[in-house]
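Student: Predicted model follows, preceded by the sequence.
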Amino acid sequence: MATLQLLRGAEMLKQGAEGRVYRAEFLGKPAVIKQRFPKRYRHPELDEKLTHRRTVQEVRSIVRCRRAGISTPVVYFVDYSSSCIFLEEIVDSQTVRDFIASTRLSSSQSDPELQRLAELTGRILAKMHDEDVIHGDLTTSNMLLRRSADSSELELVLIDFGLSYISALAEDKGVDLYVLEKAFLSTHPNTEPLFQQLLSSYSASSKKSSAVIKKLEEVRLRGRKRSMVG
Amino acid sequence: MIIIMDISLCFAHLNDSKCVSAQDLNPDIYRRVMFQERKEVNSKLLCSQMFISEAFKRFGISHQDRSLLVVVVHSRDDSEVLSHIAVRVDGQEVPVEEFSSFSDPAKIRKLYKVSPQEEESGGLLDAVVCRMATKDVM
């Protein structure tokens, strides 16, 4: 079968609990293939439905984000029978994590580049939540920075929508931000002011933000990753 | 876009002003060849789906069309197909690289409902490729 054949020649990048990620060329372009493999510990019918649903959710979230003008990898192809998603491989980029780490080595938190990054990130996350897309795994490793060819402007690309879904609930958006906050502050110690800037930018960019920030504050009081819905 | 296969030949006609570039056809062709491989289509038509008439409506040919794109899906050793087609079309062959000069971005935007912010951030080609890849679930 064509997809599996392609995978055999591809380079495996990593394997997680959900599936494997490969790198290959797809129709001449550098691509990333995300495969959700069947879980034998699950009942087969249930496994098929769950895997399919997650694949669909991932794809829908990406397309929704793109429609709103958020940069994400392009979806090249989806093979539902093997639950493989073929995505654009983002080249010439750096994770936000590395960017923050390297910038902090040479300057302080108030570095204008970092401030710009915080402002940009807050704005884009606001846009994403306004589209009712919950990323599900917001970390600074799941955000890439690319300099656009024409200017030296920073472009933020969101990746890894494997845990994402559609929801209008402020609770879910609040948890999404909380996940980022925990990841951000633990990866980059003593960056509370920077993250606060991100949140300010978020608030300023979204009309629905006050409900979300309120939920974020509630979640902070509760503890880690607790959605009290469902 | 559809690819029609009859028993001896395999080609399709398109109004190519609705395609951005040769590149954006590839994912869709790949998808349809995959269906064929898996025999998900139970007739000799490579793409015998309900959407044929709709596809023709959206992409089809009219007498005013000055340019024509023919997509041929054939096995590597079967090159006779190309000469069959050349005979049936009255026109001048143009290299595939010049494709983009025939495409009409306004029509594409309208057909695929590409928002201005999407086009600005990712470009028209990527927007179309994404839609083709995900149309089953959107």
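Tutor: Sure thing, it's come through.
Student: Just list the residues touching the residue in chain A that chain B sits nearest to, thanks.
Tutor: Closest contact between chain A and chain B, by CB to the nearest CB, is at residue A:69 (3.0 Å). C-beta: built from backbone N, CA, C; applies to glycine. With contacts defined as CB atoms under 8 Å, 6 or more residues apart in numbering or on different chains, the neighbours of residue A:69 are A:127, B:115, B:117-118, B:120-121.
Student: and the gap between it and residue A:85?
Tutor: Using CB to CB, to the nearest Å, one gets 21 Å for the distance from residue A:69 to residue A:85.
Student: picking that back up, make a markdown table out of the contacts of residue A:69 and add neighbour count.
Tutor: Converted to a markdown table, the contacts of residue A:69 look like this (neighbours: other CB atoms under 10 Å in any protein chain shown):
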| residue | neighbour count |
| --- | --- |
| A:127 | 18 |
| B:115 | 14 |
| B:117 | 14 |
| B:118 | 23 |
| B:120 | 10 |
| B:121 | 20 |
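Student: Adding secondary structure, distance to residue A:208 and pLDDT, write these out as CSV.
Tutor: Formatted as CSV, the entries for these read as follows, by DSSP: H, G, I helix; E, B strand; the rest coil; distance: CB to CB, whole Å; pLDDT from 0 to 100:
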residue, secondary structure, distance to residue A:208, pLDDT
A:127, helix, 11, 97
B:115, coil, 20, 89
B:117, helix, 18, 90
B:118, helix, 21, 90
B:120, helix, 23, 87
B:121, helix, 22, 87
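Student: Contacts only, for the residue nearest to residue A:121 when sequence neighbours are not counted.
Tutor: On the basis of CB to CB, 6 or more residues apart in numbering or on different chains, the spatially nearest residue to residue A:121 that is not a chain neighbour turns out to be residue A:198, at 5.3 Å. Taking CB under 8 Å, 6+ apart, we find residue A:198 in contact with A:118-119, A:121-122, A:125, A:184.
Student: now that we have those, which one has the most neighbours?
Tutor: residue A:125 (29 neighbours; other CB atoms under 10 Å in any protein chain shown).
Student: related to what we said a few turns ago, which of the three states applies to the residue of chain A closest to chain B?
Tutor: Three states are possible here, and by DSSP: H, G, I helix; E, B strand; the rest coil the one that applies to residue A:69 is coil.
Student: Check what pLDDT it gets.
Tutor: pLDDT, the model's per-residue confidence, is 94 for residue A:69.
Student: Ok, residue B:97 next?
Tutor: According to the per-residue confidence, residue B:97 scores 65 in pLDDT.
Student: what do you get for the one 5 residues further on?
Tutor: pLDDT recorded at residue B:102 is 65.
Student: swap in the one 3 residues further on?
Tutor: Listed pLDDT for residue B:105 reads 78.
Student: quick one, phi/psi of it?
Tutor: Listed backbone geometry of residue B:105 is phi -60, psi -30, with angles given as degrees, to the nearest 10.
Student: how much space between the nearest residue to it once chain neighbours are set aside and residue A:173?
Tutor: Excluding its sequence neighbours, the residue lying closest to residue B:105 (CB to CB, 6+ apart) is residue B:124, at 6.0 Å. Using CB to CB, we find residue B:124 at a distance of 30 Å from residue A:173.
Student: Same question for residue A:96.
Tutor: As for residue A:96, its distance to residue A:173 is 20 Å (criterion: CB to CB).
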